[in-house]
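1. Sharing a model that was predicted from the sequence below.
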Amino acid sequence: MKSEFLINWHSQLRKGLLPLFVLMVLQEKENYGYELIQNLQTRFAIDVAEGTLYPLLIRLQKEGLLTSTWVEQVSGIPRKYYVITPVGQQTLHEMRAYMDSLKSINQNEQ
Amino acid sequence: MKPLAFTNQAAQQLYNQYIDRCRKVVRLLPRAEQTECLMEVNSYIFEYVSSRSQADESASLVAILDRLGPPEVTLKEVVAAKKVDQAVRTFNPKHVALALLLNFRNGIAYVILAVLSLFLLCFPALIVLKLIYPADTGYFRSEHRNDFGFIGIRGAGQTEVLGWWFIPLMLVLGALCYGLIVLLLRLVRRK
């Protein structure tokens, strides 16, 4: 059974990795907010609240890693689709390289 | 923004109240950005409730509003960031002041910005004092002492050296200080 310390650590780690996970999902396909939450849950087993995701997407957009477009829907409520930019692709590549380097360090230490 | 319609009156009221709270939080933004924020919140609510069509409408609404969090918290960061963007885009003093106020808690950079803003207030005050008390306002020099500003009690042998050039100097320093504030806001925004 996981200790409370490990549970908290896992939670903090997943929060820290959230930008990486978001970019990984958007690299494959554009997503709207709710769809992104569903994909994060399915692929990475993390339940991100909309109140957490929305400011994060705004931050990533400000950094130039994403762009967004409103698409009209039959329901009359438009969806905002987020797309990764070339800068976002490059950043994702660098983030993955860093994660690989951490993995190497961990393997060497064991 | 197209408001959502709920069959349950209590749910409709809850939704209306939440959107009203969102409107209050984003009112400092330009109209287009206010609409953008509200549309995004509205979309999150719609998608969540629609995906749970089998569930009770009120329960779904309560759940998504809980997940979105209080607008005063969730939208605060969004509004503060967009306000900084507006301030550096427009150079408008009102937007600069609001951006500083909204971001004051965001670190030492904004503390420095706040201090610079206080300095900025001094320059027009000194211009007014120069007009009212010309003999007591300016740059005062003597062999052993230098004083700058509104000096009620001067040191021995001190004379005011700038005269009426004090006023254009205050204008230039004020403009430089203001430019520094906006540049610093841009730097902080890039971080």
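-> Structure's in. What do you need? Numbering: from 1, shown residues only, chains lettered A, B, ... in the order given.
2. Tell me which other helices or strands the strand or helix carrying residue B:179 touches.
-> Using DSSP states H and E, residue B:179 sits in helix B:166-190. On a contact count with 3 or more C-beta pairs under 8 Å, 6 or more residues apart in numbering or on different chains; DSSP states H and E, helix B:166-190 meets helix B:71-90, helix B:93-103, helix B:108-132, strand B:137-141. C-betas here are computed from N, CA, C, even on glycine.
3. among the ones you listed, which is nearest chain A?
-> With C-beta to the nearest C-beta, the closest approach to chain A among these belongs to helix B:71-90: 4.3 Å.
4. ok, now how distant is the residue nearest in space to the middle of chain A from chain B?
-> Central residue of chain A (C-alpha atoms, centre = their mean): residue A:22, 1.8 Å from the mean position. From residue A:22 across to chain B, the span is 15 Å (C-beta to the nearest C-beta, to the nearest Å).
5. now that residue: how far from residue A:34?
-> 14 Å (C-beta to C-beta, to the nearest Å).
6. how many neighbours does the closest residue to residue B:160 other than its chain neighbours have?
-> Residue nearest to residue B:160 in three dimensions, not counting chain neighbours: residue B:138, with 4.1 Å by C-beta to C-beta, 6 or more residues apart in numbering or on different chains. Neighbour count of residue B:138, defined by other C-beta atoms under 10 Å in any protein chain shown: 26.
7. Show me what residue B:138 bridges to in the sheet.
-> Under the criterion DSSP bridges, residue B:138 forms beta bridges with residue B:149.
8. what sits against it?
-> Going by C-beta atoms under 8 Å, 6 or more residues apart in numbering or on different chains, residue B:138 touches B:130, B:148, B:151, B:160-163, B:166.
9. rerun that using 6 Å as the cut-off
-> By C-beta atoms under 6 Å, 6 or more residues apart in numbering or on different chains, the residues touching residue B:138 are B:160, B:162, B:166.
10. tell me which helix or strand of chain B sits lowest on mean pLDDT?
-> helix B:93-103 (a mean of 70; mean pLDDT, DSSP states H and E).
11. pLDDT of stretch A:85-92, averaged?
-> For stretch A:85-92, mean pLDDT rounds to 96.
12. now it, how far from the centre of its chain.
-> On the basis of C-alpha atoms, centre = their mean, to the nearest Å, stretch A:85-92 sits 13 Å off its chain's mean C-alpha point.
13. got the CA coordinates for it in CSV?
-> Output of stretch A:85-92 as CSV, limited to C-alpha atoms (Å, rounded to 0.1, in the frame of the first residue of the first chain):
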residue,chain,number,x,y,z
THR,A,85,2.6,25.1,-33.0
PRO,A,86,6.1,24.4,-34.5
VAL,A,87,7.5,26.1,-31.3
GLY,A,88,5.3,23.7,-29.3
GLN,A,89,6.7,20.7,-31.3
GLN,A,90,10.2,21.8,-30.6
THR,A,91,9.5,22.4,-27.0
LEU,A,92,7.9,19.0,-26.7
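14. circling back: in contact with the residue nearest to the centre of chain A, which residues are there?
-> Applying C-beta under 6 Å, 6+ apart, no residues contact residue A:22.
15. same thing but 10 Å
-> By C-beta atoms under 10 Å, 6 or more residues apart in numbering or on different chains, the residues touching residue A:22 are A:31, A:36, A:39-40, A:44, A:48, A:53, A:56-57, A:60, A:65-66, A:82, A:84, A:88, A:92.
16. so where does the residue nearest to residue B:75 when sequence neighbours are not counted fall, helix or strand?
-> Closest residue to residue B:75 apart from its sequence neighbours, by C-beta to C-beta, 6+ apart: residue B:25 at 4.5 Å. Assessed by DSSP H and E, residue B:25 sits inside helix B:9-26.
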